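Asker: Attaching a predicted model along with its sequence, questions to come.
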Amino acid sequence: MELISKYFPNLSKDQISQFQNLESLYKDWNLKINVVSRKDIDELYLRHVLHSLAIAKFISFKDGTQIMDVGTGGGFPGIPLAIMFPNCHFHLVDSIAKKLKVVNEVVEGLGLTNVKTTHTRVEEIDETYDFIVSRAVAAMPTFVHWTKGKIAKSQKNELKNGILYLKGGDLTEELKDYTTAKIHNLSNYFEEDFFDTKKLVHLPQKFKS
Ligand SMILES: C[S@@+](CC[C@H](N)C(=O)[O-])C[C@H]1O[C@@H](n2cnc3c(N)ncnc32)[C@H](O)[C@@H]1O
């Protein structure tokens, strides 16, 4: 938890207690339904919570922003972001029901009121969002195809509406057709070695492909 306060020193009391409660909620639920690997659960705050919050280092979403987390799995990056931005609306989507069971229990356990979950493939979603966030779900061309038409045209934030994708490694080949994609190294935000190869890709709504 100190890791979160180190990079986000201005959290409210409610946010601090919600971040603190994540550990026991995930440890308990992970014993029943495995959504986080054993190695990762011991480093929950580094590998999952702080990694998700890289998006909050990059953009401070304006109140009322609508965000969908595609393939949220156990709730990443959606849940840490929903704690960080209590006045934004988060829609967490996954095609595997048991993962959403854990997400729903964590949401309830934390008392989060800004999170909705849906068990479906994202292709079936028929709504629009200011931003679509994701981590470790599909290569960008597939992801762009799945989420086509789901990004709102009107802007609430200064940053252009679009996809915010947490990725790792060399993205040259994967992003070669997306000339407007911007890659941000997470080592600019966080000093831990874990982030050395990690990146955040912002793909604004209008892109050439
Ligand atoms: C490797 S997990 C990543 C989970 C989470 N984003 C994380 O980083 O911890 C990929 C998740 O994407 C979900 N998924 C894959 N394709 C999907 C689709 N078309 N629509 C919704 N969810 C999908 C899977 O069910 C799985 O939970």
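Answerer: That came in fine, so what should we check first? Numbering: from 1, shown residues only.
Asker: going forward, measure contacts and count neighbours with C-alpha atoms only.
Answerer: Fine.
Asker: Residue 203: which element?
Answerer: Using DSSP states H and E, residue 203 sits in strand 198-204.
Asker: Around the ligand, which positions in this structure sit nearby?
Answerer: 70-74, 76, 93-96, 120-122, 134-137 (Cα under 6 Å from any ligand atom).
Asker: can you do 8 Å?
Answerer: 35-36, 48, 69-77, 93-96, 99, 119-123, 134-138, 146 (Cα under 8 Å from any ligand atom).
Asker: Return the subset of those lying in helices.
Answerer: When the residues of the chain next to the ligand are checked against helices (DSSP state H), the matches are 99, 146.
Asker: Emit the PyMOL select command for whichever of the residues of the chain next to the ligand are buried.
Answerer: Only the buried entries of those go into this PyMOL selection, using 16 or more other Cα atoms under 10 Å:
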select buried, resi 35+36+48+69+70+71+72+73+74+75+76+77+93+94+95+99+119+122+134+135+146
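Asker: so what's residue 92 up against?
Answerer: Residues near residue 92 by Cα atoms under 8 Å, 6 or more residues apart in numbering: 68-72, 75, 78, 115-118.
Asker: thought residue 75 was touching residue 104?
Answerer: No - at 9.0 Å, residue 75 and residue 104 do not qualify as touching, with contact defined as Cα atoms under 8 Å.
Asker: Show me the helices in the protein, by range?
Answerer: Going by DSSP H, the chain shows helices at 2-7, 13-32, 38-41, 51-58, 78-84, 97-110, 140-147.
Asker: Could I have the CA atoms of the longest one written out in PDB?
Answerer: Coordinates of the C-alpha atoms in helix 13-32 are reproduced here as PDB (Å, rounded to 0.1, in the frame of the first residue of the first chain):
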ATOM      1  CA  LYS A  13      -9.300   8.600   3.500                       C
ATOM      2  CA  ASP A  14     -11.900   6.600   1.600                       C
ATOM      3  CA  GLN A  15      -9.500   5.900  -1.300                       C
ATOM      4  CA  ILE A  16      -6.800   4.900   1.200                       C
ATOM      5  CA  SER A  17      -9.100   2.400   2.900                       C
ATOM      6  CA  GLN A  18     -10.400   1.100  -0.400                       C
ATOM      7  CA  PHE A  19      -6.800   0.500  -1.700                       C
ATOM      8  CA  GLN A  20      -5.900  -1.100   1.600                       C
ATOM      9  CA  ASN A  21      -8.900  -3.400   1.500                       C
ATOM     10  CA  LEU A  22      -8.000  -4.700  -2.000                       C
ATOM     11  CA  GLU A  23      -5.400  -7.000  -0.600                       C
ATOM     12  CA  SER A  24      -7.600  -9.100   1.700                       C
ATOM     13  CA  LEU A  25     -10.500  -9.100  -0.800                       C
ATOM     14  CA  TYR A  26      -8.300 -10.400  -3.600                       C
ATOM     15  CA  LYS A  27      -6.500 -12.900  -1.300                       C
ATOM     16  CA  ASP A  28      -9.800 -14.300   0.000                       C
ATOM     17  CA  TRP A  29     -11.500 -14.500  -3.400                       C
ATOM     18  CA  ASN A  30      -8.400 -15.700  -5.200                       C
ATOM     19  CA  LEU A  31      -8.500 -18.900  -3.000                       C
ATOM     20  CA  LYS A  32     -12.000 -19.600  -4.300                       C
END
